[in-house]
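Asker: Starting from these lines, generate the structure:
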Amino acid sequence: MCGSDTEEVPLTPPGDAYPAVGSSIETLRATVDAAYGQGVGANFLPEDKLILFNSIPFEDRAIEVVADGRILGRTFYGPSSRSWAFKPTIQGASRLAQLSERKRIQADGGAVGPILRGGSLLAAGILSADESIQPGDEVSVADPEGRVFSVGSARMSGREMLEHRRGMAAKIREAGHPQEQSILPGGQSWDDAARANEEVLKKREEEAINFVRRVSLSYDIPKSVAFSGGKDSLCTLLVVAKAIKDFKVLFVDTGIEFPETLSYTELVLERMGLKDRLVSKSVGERFWQAMKIFGPPARDARWCCKVCKLGPTTSLIQEAFGGDCLTFVGQRKYESQQRFGRGRISHNPWVPGQVAASPIRSWTALHVWLYAIREKAEMNPLYYRGYGRIGCMVCPSGEMAEFHLLERTHPETAKRFLSDIEAHGQRNDMPDDWLRLGLWRWRQLPPWTGEKMREFNDPFASTEQVVFQEWRTDSGMVLDAQLGECDRLRVANALNALGRVDDRNGRIFTTHSGIPMEVTAEGRMVLGPCQNRDLLWEVGRKAAYCMVKARYCVGCGTCVGSCHRKAIEIIDGKSWIGGECTHCASCTKLCPVLTWAVREPVNPFG
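Answerer: Modelled structure (predicted):
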């Protein structure tokens, strides 16, 4: 925009910067005001400047702040205090020193050298200190000429620094020779930024359009775009609409979508003239019902995606296309380590029949924002309300900063969700910190929680499972289990996965791997006799899995797509096997209930 050469900014990896807009930048300004005085935030981060945020690794949400091509600091969210803290860099502290005298310490000449060599600031080396400083506050340290050369955290109050004259006054985080301030004139807009990057955006767009056309020719199957309401799916839709004409738009309402996202989806499709292309599915209350079986969704047990998103997508593809389809998705390699390692064309085993292709895989978030601005495409309003990512309202991948934001923006959903989680915690004697710190987001707790919390790993196993007793007869080993109360129609139907079922006179019969199986009128399951004990137990585990699937099926639809005979359909929220079944057991290989609700290390079906 200024016409000068560009300069690389050394962002913290993965370096996926995006515009600081809406309430997010306002919250940061308020955080700066709280530390440095009213009005300082607006002068430090003026409205006529283009400010960038870059999400960085931390226990919760943390953001790197960039302006004028300089990293001015990083802001961190504390779940316990429910507040943000801003930690300036030397560059940022130097700018703040021009706007406020708060949180500043002036060191004598003898203290400068040791600090530059990696030492801390001792009280004996202080000439002056802001008396409002408290232990733990972020402070800047200036040399005798008033030039900021280091930043760190106070270990004593400002008054104590001047009175004690001994001990560590501040732990230095960053030190360096005073830097020349390069504060550029303001007056720029994001429209200006998009125009200044027209050449870059044009090349990105051309490459993505060519990719879409090339892949479309390679796969002679129906085409679609997966739309979620987020920025990446928006740009993917914009690109695909320019590349090809014949495609559908897939949208799954998980039942925990933001209301704003539902309205936004309608708005985008109407403005693009694509309302007639929409193919959608709503799963209603399935998430809330499934929580009773699975417990809270977790980052390492994301049953919610399979039950509420991928399973319904599988069913939707079957209903809309009758089989396979090519779906263009808005996945980018900068979003996660998993997506970084994924190819541009991929197959998700949880969505059989779908070929996923990523036109914007190598785009950064800034490319996406500038492209949307260039195309005059409106962003989801949630980005302006403080949300860094748009997905389900209660996604376990979210930080506590976003859950606390949800309590303010959508209090009814937040209350319902947290009430269910609290009830789970109470039933399993979980400590208060498990809920307060959001530790329910992991089954295996992360290292930062400490050894004290490890005993609370993975407390959920809500499914009532089949427990076999083994006994010997003259003909071989037999397994025997009491099923208790069960829906006999569900039991008989589920056992079709193992073999042809004969249900008569109140007794259910089938055979698998040559081993006879019976469910008696009294609800007992008997397997055998069989001379091969290992084989008998393998079949027993499979039968037990079928019983769990029969009882706890949530009707996600994953098995619908995995059946090559199209023998399964969802009826009244449950999966039912039809007469075309060949008893191959493919429907049991990918089932959320069997993956996350059964405390077994290995699915016997593979």
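
Asker: how close does Ile115 get to Val148?
Answerer: 12 Å (CB to CB, to the nearest Å). Yep, even glycine has a C-beta here, placed from its N, CA and C like the rest.

Asker: When the two are compared, which one has more neighbours?
Answerer: Taking neighbours as other CB atoms under 10 Å, Ile115 and Val148 compare with Val148 leading, 27 against 22.

Asker: Who are the contact partners of the closest residue to Val21 other than its chain neighbours?
Answerer: Closest residue in space to Val21, ignoring its immediate chain neighbours: Tyr384 at 5.6 Å, by CB to CB, 6 or more residues apart in numbering. Neighbouring residues of Tyr384 by CB atoms under 8 Å, 6 or more residues apart in numbering: Val21, Gly22, Ser23.

Asker: Go through those residues and say which is closest to Val139.
Answerer: Ser23 (27.8 Å; CB to CB).

Asker: That closest one sits in which helix or strand?
Answerer: In this assignment (DSSP states H and E), Ser23 forms part of helix 22-36.

Asker: swap in Leu326?
Answerer: Per DSSP H and E: Leu326 is located in strand 325-328.

Asker: That strand - which strands sit beside it in the sheet, and in what orientation?
Answerer: strand 223-226 (parallel), strand 354-357 (parallel) (DSSP bridges).

Asker: Let me know the pLDDT of Ser397.
Answerer: If you check Ser397, the pLDDT there is 91.

Asker: ignore the last one, Leu437
Answerer: At Leu437, pLDDT is 86.

Asker: in the stretch 251-400 of the chain, which spans are strands?
Answerer: Under the criterion DSSP state E, counting those that start in this stretch, the stretch 251-400 of the chain carries strands at the ranges 278-282, 325-328, 345-346, 354-357.

Asker: Identify, out of those, the most deeply packed stretch.
Answerer: strand 325-328 (a mean of 25; mean count of other CB atoms under 10 Å).

Asker: Just the C-alpha atoms of that strand, please, in CSV.
Answerer: Output in CSV follows, covering the C-alpha atoms of strand 325-328 (Å, rounded to 0.1, in the frame of the first residue of the first chain):
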residue,chain,number,x,y,z
CYS,A,325,-19.4,-38.1,-4.7
LEU,A,326,-16.5,-35.7,-5.0
THR,A,327,-16.6,-33.0,-2.3
PHE,A,328,-14.6,-29.8,-2.2
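
Asker: about what we covered before: find the residues that touch each one of Ile115 and Val148.
Answerer: Val141.

Asker: Could you measure from the residue of the chain most remote from its centre over to Gln531?
Answerer: Centroid-distance maximum for the chain: Asp474 at 56.2 Å, with CA atoms, centre = their mean. Shown here: Asp474 relative to Gln531, a distance of 11 Å by CB to CB.

Asker: Got the domain ranges for this protein?
Answerer: Here the domain parsing of the chain from automatic domain parsing is 18-175, 190-382, 400-456, 469-596.

Asker: Adding distance to Leu184, write the ones you listed out as JSON lines.
Answerer: Converted to JSON lines, these look like this (distance: least, CB to CB, whole Å):
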{"stretch": "domain 18-175", "distance to Leu184": "5"}
{"stretch": "domain 190-382", "distance to Leu184": "13"}
{"stretch": "domain 400-456", "distance to Leu184": "30"}
{"stretch": "domain 469-596", "distance to Leu184": "52"}
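
Asker: With respect to Gly388, which of those domains lies nearest?
Answerer: Between those, domain 18-175 lies closest to Gly388; by CB to CB that is 6.4 Å.

Asker: Just the terminal-to-terminal distance for the closest one.
Answerer: Start-to-end span of domain 18-175 (CA to CA, to the nearest Å) is 28 Å.

Asker: Please consider this matter closed, and thank you.
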